[in-house]
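Chemist: here you go, sequence then predicted model.
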Amino acid sequence: MKSLWGQGNQYLRVKRNDLEISTKFTRVVLVGVLILISAIFLASDVGLWHLWRSEVKMKALETEIEALTVETDYLKTTIDELQTNPFMIEKIARERYGYLRPGDRVYRIIPLSTDQENSAISTTPLDINGATE
């Protein structure tokens, strides 16, 4: 058997077929790969679109947390006030539930409709200019 690596001055020569690729095909493949990578980078589960939406949701939740913290502080102070101040309990009982002390009088102000306001304004007994004799 002959040696493939050569005998003396003769070496194994392998012909190589040159593969010619057109530049147009190369550009199309590169653009396709770039579009695919961009789509994965932008729209995947960890893409920029989901990151932006998550940040918007996080900001909304932070503002909601701040509002709830303020409300919680207000309610805590109200609870402390109700536990320590009997006048606060009396105020709430009078305003919300209509409780009265003996001898108290209640005055209710009933708003007039627009037709009654116009007729009442023109015929007030205290109006000197509008009084008829």
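Modeler: Everything's here; your move.

Chemist: contacts, neighbours, all on C-alpha from now
Modeler: Will do.

Chemist: gap between Ala60 and Leu51?
Modeler: 14 Å (CA to CA, to the nearest Å).

Chemist: those two: who's more crowded?
Modeler: Shown here are Ala60 and Leu51; by other CA atoms under 10 Å, Leu51 has more neighbours (15 against 12).

Chemist: quick one: which helix or strand includes the more buried one?
Modeler: For Leu51, the enclosing helix or strand under DSSP states H and E is helix 48-84.

Chemist: and Val106, by the same measure?
Modeler: Per DSSP H and E, Val106 falls between elements, in no helix or strand.

Chemist: need the contact list for it.
Modeler: Val106 makes no contacts at all, as judged by CA atoms under 8 Å, 6 or more residues apart in numbering.

Chemist: point to the residue nearest the middle of this structure.
Modeler: When the chain is reduced to its mean C-alpha position, the nearest residue by CA atoms, centre = their mean turns out to be Ala60, at 3.1 Å.

Chemist: one step back: and the helix holding Leu51, how far from the chain's centre?
Modeler: When C-alpha coordinates are averaged (CA atoms, centre = their mean, to the nearest Å), helix 48-84 and its chain have centres 12 Å apart.

Chemist: show me what counts as buried in the one helix or strand Arg27 maps to.
Modeler: Element membership of Arg27, judged by DSSP H and E, is helix 23-43. Using 16 or more other CA atoms under 10 Å as the test for burial, helix 23-43 gives no buried residues.

Chemist: what does it rub up against?
Modeler: Gly47, Leu48, Trp49, His50.
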